[in-house]
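In: Sharing a sequence plus its predicted fold:
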Amino acid sequence: MLALARSEGQSIIINGTIEVKVVKWSRSSVRLAIQAPREVTVDRDEIWRKMNPGTPTPLEKAEVERRERFAREGKSGPVPAEEAHTHKLLAPQAGTFYTSAGPAGTPFVAVGGHVEETTIVGCLKAGETTIDLVAGMVGKVQKILVPNGQAVTAGQTLMIFEEPE
């Protein structure tokens, strides 16, 4: 992500085809004008999230892909045997991760516990939306990396599962 400081009347150009201009700036808000080709979809984040509940935004998906690519490219040599048969559960978006249904509730899963593809292993609260997170594979819980009630970022690894031998 690139963060820029701009003043009223200034703009940025994206890929030579999209202009984002600061029209008005105040202490509590910024008014932007966006000029883009018709084939480019421009949505407000909160509207996109209402229309696509529980789905990571294209920006969040791109960030996850970027992190995964950098992680792959940063490693040299073969994948260690202990990582060869594992699956990482990534946060689909930023929010608060919960390992149980309530503050004093029983955890959805425990380290060493068996999971099926549809086993609910946690939930993510983002704004008013709660997303149930499922294991996505048959195996067992190897590690729970994020404690109950912790804030997470999109693409952050929450749990690691291992495939049965």
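Out: Ah, there it is. Numbers count the residues shown, from 1 in each chain.
In: what's the span of stretch 153-165, first residue to last?
Out: 32 Å (CA to CA, to the nearest Å).
In: And it, how far out from the chain middle?
Out: Between the centre of stretch 153-165 and the centre of its chain there are 13 Å (CA atoms, centre = their mean, to the nearest Å).
In: Give me the mean pLDDT for the top helix by length along the chain.
Out: Longest helix in the chain by number of residues (criterion: DSSP state H): helix 58-74. Averaging pLDDT along helix 58-74 gives 75.
In: Use 17 as the first number for this chain going forward.
Out: That works, and once the first residue is 17, the last one we named lands at helix 74-90.
In: what packs against that helix?
Out: Of the remaining helices and strands, none touches helix 74-90 by 3 or more CB pairs under 8 Å, 6 or more residues apart in numbering; DSSP states H and E. For every residue, glycine as well, the C-beta is placed using N, CA and C.
In: ranges for the strands of the chain?
Out: Assigned by DSSP state E, the strands in the chain fall at 27-30, 34-41, 46-51, 102-106, 111-114, 130-131, 136-142, 145-150, 155-160, 166-168, 173-178.
In: just to revisit the earlier point, which residues are in contact with the longest helix of the chain?
Out: M17, P72, L106, P108, Q109, A110, A170, G171 (CB atoms under 8 Å, 6 or more residues apart in numbering).
In: List every C-alpha atom in that helix, with coordinates, as PDB.
Out: Provided in PDB are the C-alpha atoms of helix 74-90 (Å, rounded to 0.1, in the frame of the first residue of the first chain):
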ATOM      1  CA  PRO A  74     -10.200  -7.300  -3.900                       C
ATOM      2  CA  LEU A  75      -7.600  -5.200  -2.100                       C
ATOM      3  CA  GLU A  76      -7.400  -7.600   0.800                       C
ATOM      4  CA  LYS A  77      -7.100 -10.600  -1.600                       C
ATOM      5  CA  ALA A  78      -4.300  -8.800  -3.400                       C
ATOM      6  CA  GLU A  79      -2.500  -8.200  -0.100                       C
ATOM      7  CA  VAL A  80      -2.800 -11.800   0.900                       C
ATOM      8  CA  GLU A  81      -1.500 -12.900  -2.500                       C
ATOM      9  CA  ARG A  82       1.400 -10.400  -2.200                       C
ATOM     10  CA  ARG A  83       2.400 -11.700   1.300                       C
ATOM     11  CA  GLU A  84       2.200 -15.300   0.100                       C
ATOM     12  CA  ARG A  85       4.300 -14.500  -3.000                       C
ATOM     13  CA  PHE A  86       6.900 -12.700  -0.900                       C
ATOM     14  CA  ALA A  87       7.000 -15.600   1.600                       C
ATOM     15  CA  ARG A  88       7.500 -18.100  -1.200                       C
ATOM     16  CA  GLU A  89      10.200 -16.000  -2.900                       C
ATOM     17  CA  GLY A  90      11.900 -15.300   0.400                       C
END
